[in-house]
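> Any chance you could fold what I've pasted below:
(chains A and B)
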Number of protein chains: 2
Amino acid sequence: SVKTHYLLSSFLSLSQVIDINDKNYKKAMKKYSILCLLYHKPIPDGKELQKQHQMTEMVLELAAQVMEEKEIGFGMVDSHEDVKVAKKLGLVEEGSVYVFKGDRVIEFDGLLSADTLVEFLLDLLEEPVEVIGNTLELRAFDRMEEDIRLIGYFKNDESEYYHEFKEAAEQFQPYIRFFATFEKSVAKELTLKMNEVDFYEPFMEEPVTVPDRPNSEEEIVAFVTEHRRPTLRKLRAEDMFETWEDDLEGIHVVAFAEEEDPDGYEFLELLKEVARDNTHHPGLSIIWIDPDDFPLLIPYWEKTFHVDLFKPQIGVVNVTDADSIWLEIDEQDLPTAQELEDWIEDVLSGKVNTEDDDDDNDDDDEDDDDKDDNTSENPKQYFPSFP
Amino acid sequence: SVKTHYLLSSFLSLSQVIDINDKNYKKAMKKYSILCLLYHKPIPDGKELQKQHQMTEMVLELAAQVMEEKEIGFGMVDSHEDVKVAKKLGLVEEGSVYVFKGDRVIEFDGLLSADTLVEFLLDLLEEPVEVIGNTLELRAFDRMEEDIRLIGYFKNDESEYYHEFKEAAEQFQPYIRFFATFEKSVAKELTLKMNEVDFYEPFMEEPVTVPDRPNSEEEIVAFVTEHRRPTLRKLRAEDMFETWEDDLEGIHVVAFAEEEDPDGYEFLELLKEVARDNTHHPGLSIIWIDPDDFPLLIPYWEKTFHVDLFKPQIGVVNVTDADSIWLEIDEQDLPTAQELEDWIEDVLSGKVNTEDDDDDNDDDDEDDDDKDDNTSENPKQYFPSFP
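Got it, this is the predicted structure:
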C-alpha cells in the first residue's frame, strides 16, 4: 500500500532539536530568526517517566522538522544542568516554551502538542496587524466574536498613528488580534473616526473605544492590559495554562458546551446573554470550554469533575484542589437566562461554593473509588499539574 | 513548578495496546464494546524508521489511555506476521485503523493523530441521530454548512420511519450527520412534511428532498451514497485520505483559504458562489483546505505545490505525481466570481492542465533544488504516500 502517515515521513531526516548549553546558546540565537526553547525538568529515572520525556522531545522534533524551511530553531534547556543559561535567558517556568524573536521573548503557555505549537509559531510569522480592505472582508472580522480584537482607522500605512498601533500589536502577538483599515467605507460601517481604535471584548455586541485619540503605543498597551480579562472567554489550546492561572480568588466558573451540538449551542446562547447583561461586574469571568477542541481531555475532565460532557454543564472549580460543584441541568429543559444569572449570583456571593457539599462529595468519592479499582491514580492528585 | 503536560501524566499507567495475534483476537473482540485495530507494515529496520513506528504506537497508546474508561480497546495487527487474523477480520489497507463496533466495521481513513482518532471514537459513542427540540437548536443545525447532513420530521421516537432513518444513520456515523425533529414548529421552519427527509449538500442554500416519502433505510442509504460527493467540500482530518482518494479522473481542484483571514474569507465566499451556481455539473468537485486546520502540513504543502499559503490559492493537482498548476491571484484584487468560474471551466475542459507548463515547471524545480540543498528528500517522492 502507498499510504503512510505524513508525520512519519518527516522523521526520515535527522533530528533538529538542539541540546542547549553554555557553549552553544549564543550561536543558536544568532542562527535562527525565531528560536524556541523548552525549559524542562531533568530527564527522570524510570521507564514510564522517560517515555513522557521522549514524547515531549518528539513534539519538538516534529515541530522542528515542519518549521525547518521557515528558519525557526528548537532547543531544550535542562533546569538542573543548564542553570546558568536559563538565568541568562530568563527562563523561569518548567514546562514552558520560550520563543525568542528579535528583542521579544514570548512565553508559550499552552498545550504542548506539535499542532498547537506550530500554529502559534505560524501566527507569529504573520504581520502583527491585518488590514481590512473592504466590507466583505469586514464580515470575517465580525465573525470572530470568540477573540479579543482591536481595530483602528488610519489614513494609510505610513500614518504615524498606524505605526504606534502596529508597535502595540507586536506586544500581544499572537494572543490578541489587531486589525486596521484605511478605507472610509469600512470605517463608516464600524463608526470609527480617523485615528480611532475600538476594543472588542469576546461575545459582546458593542466595542469600547480607546479614549483620547490619537493613541500612542503605550496608551494602547495600557488599555489592553487593563481590559483583557473578559466576562466570558473560550479556553484556547495556545494559552490554556495562562488562562487557567488567571483565576479570581482561587475559583473559576467553568461552562462546558459543545457549539456543534444543538443543546450545547442553545446553552451557549444563554450564557452569552448572561455575560452581556453582566459585563460590568468586575468579579465575573466565565471560562467556556468546547469539549470538541480538547478531545483527549474529555475523559480526564469527566473523571476529575464527575460530570457527563456529552451534555452542557456549568460549575465552580476550586483551582487548588480541583473540588467542584455543578448546576443540575435537565437536557430537555435547559435553565432560563434568569435562572442561570441567579445561580451565578449565588456563586459570586459565596452562597454556592465548593465546600458546602463536601460531606456528599466524600461519599461520591468512595463510590468512585470502588468503580475505579483498575486505575491506580486518583485524578485529583494530578489536578494541580493540569490544566 | 507544578506544571506538567497532561498528556504525560497519562503515561504513568501501563500501555494498553494489544499486540493482536491468532490466539488473542477473539478475546479482545469480546472484551471491548469498541475495538480499534491498526493494520500496519512490519516494524522496519533502521533507527529513523523505527522512530516512525514508535510514534504511531504512541498515538495508539495515548488514545488507549484516554479512552480506557469508555471500554474502547486498541490493538495492532502486523500485515506480515498476522496474515491469518487480517484475512479473517477483513483488514486490507496498511496504515488504516479498523473500528469494530457490534456488527459494523468502520474504516478510519484519516490523519493518524491521537486528537483526530479520539474525536472520531467519541462521535461513534453518540446517538446516531441528534434530535432538534426547538427553533433555537435549529440555529446550530443551520450553522453546519460545511457538513453533509440530513434532517427528518417524524411523529415521535417510536415512529417506524424514524426507526428506518436511525438505521440508515448508523451506516454513515460518524462521517455524515443525521438530525430529526418531532416538533411541528421546527418542521414548519424547514418546510418539512411528516416523514419527509431533506438532504443538505455542504455550502448549498437549499436542501434536496429524498423522494417518495416515507423512506425505508435502504432508500435513504442509496440516496446518500449517490449524492455524497459534493461540489465543494472541506478537507477534514477524520477522512482526509478517503477524500483524497475520491478524485475525478486523476485530478483534484484544490482551494486553500484561511477562513479566519479577511482575504481568505472573501475568497471563500466567491468560491461558494461559484459552487452554488455550478452544483449541477457532475464533473465539478472542489476540495477546500483551511490551512488553519492542518498546521503541521502547511510547510509540506508549500514545498510540494510551490505556493504561499499565507494567501488564498486555487489550483489543479494531479494525484499521481503531485504536479500542479495554480491560478495567479493578486491579494489586493481577488478574481471576480466570473473570472473564477471561467478558470474552473478551463480546467474542466482541459484547457488548463498540469502538463502544459511542464517546461516552465522544470526550470522552477531546478531553482528549488538549488535552494533546497539542505534537504535530502524530493517532496514529490513522498506525495503518493500523502495525501
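
> Any idea how many residues pack against the spatially closest residue to residue A:176 that is not a sequence neighbour?
Using Cβ to Cβ, 6 or more residues apart in numbering or on different chains and skipping residues adjacent in sequence, the residue nearest residue A:176 is residue A:148, 4.9 Å away. No exception for glycine: its C-beta is placed from N, CA and C like everyone else's. By the criterion of other Cβ atoms under 10 Å in any protein chain shown, residue A:148 has 19 neighbours.

> swap in the one 3 residues further on?
Counted by other Cβ under 10 Å, the residues lying close to residue A:151 total 25.

> is it in a bridge, and if so with what?
residue A:179, residue A:198 (DSSP bridges).

> and it, how far is that from residue A:144?
Per Cβ to Cβ, to the nearest Å, residue A:151 is found 10 Å from residue A:144.

> Give me the buried positions along the biggest helix by length in chain A.
When chain A is parsed with DSSP state H, its longest helix is helix A:47-67. Residues of helix A:47-67 classed as buried by neighbour count (16 or more other Cβ atoms under 10 Å in any protein chain shown): A:51-67.

> Check whether that helix comes near chain B.
Yes - using Cβ under 8 Å from any Cβ of the partner chain, helix A:47-67 comes into contact with chain B via A:48-49, A:51-52, A:55-56, A:58, A:62, A:66-67.

> Give me the distance between that helix and the centre of its chain.
From the chain centre to the centre of helix A:47-67 is a distance of 21 Å (Cα atoms, centre = their mean, to the nearest Å).

> For the residue nearest to residue A:313 when sequence neighbours are not counted, grab phi and psi.
Residue nearest to residue A:313 in three dimensions, not counting chain neighbours: residue A:256, with 4.4 Å by Cβ to Cβ, 6+ apart. For residue A:256, the backbone dihedrals (degrees, to the nearest 10) come out as phi -100, psi 130.

> isn't residue A:256 right next to residue A:309, touching?
Yes - taking contacts as Cβ atoms under 8 Å, residue A:256 lies within contact range of residue A:309: 5.4 Å.

> if I look at these two, which residues touch both of them?
Jointly contacting residue A:256 and residue A:309 under the rule Cβ atoms under 8 Å, 6 or more residues apart in numbering or on different chains are A:291, A:301.

> and the two? which has more neighbours close in?
Ranked by neighbour count (other Cβ under 10 Å), residue A:256 and residue A:309 place residue A:256 first, with 26 against 21.

> need the contact list for residue A:313.
Counting by Cβ under 8 Å, 6+ apart, residue A:313 touches A:255-257, A:305, A:307, A:326-327, A:329.

> residue ranges with poor pLDDT in chain A?
Across chain A, the ranges flagged by pLDDT under 70 are A:1-15, A:356-387.

> Which parts of it belong to which domain?
According to the TED database, chain A comprises the domains A:8-125, A:129-227, A:232-349.

> Pipe those into a markdown table and attach distance to residue B:87 per row.
Listed next are the domains of chain A as a markdown table, based on distance: least, Cβ to Cβ, whole Å:
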| stretch | distance to residue B:87 |
| --- | --- |
| domain A:8-125 | 26 |
| domain A:129-227 | 49 |
| domain A:232-349 | 32 |
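
> pretty sure the residue nearest to residue A:176 is in contact with residue A:198, am I right?
No - using Cβ under 8 Å, residue A:148 makes no contact with residue A:198, being 11.7 Å away.

> got the residues of the stretch 51-200 of chain A near chain B?
Checking the stretch 51-200 of chain A against chain B by Cβ under 8 Å from any Cβ, the hits are A:51-52, A:55-56, A:58, A:62, A:66-70, A:93-96, A:111-115, A:118-119, A:122, A:126, A:130-134, A:136-141, A:143-144, A:179.
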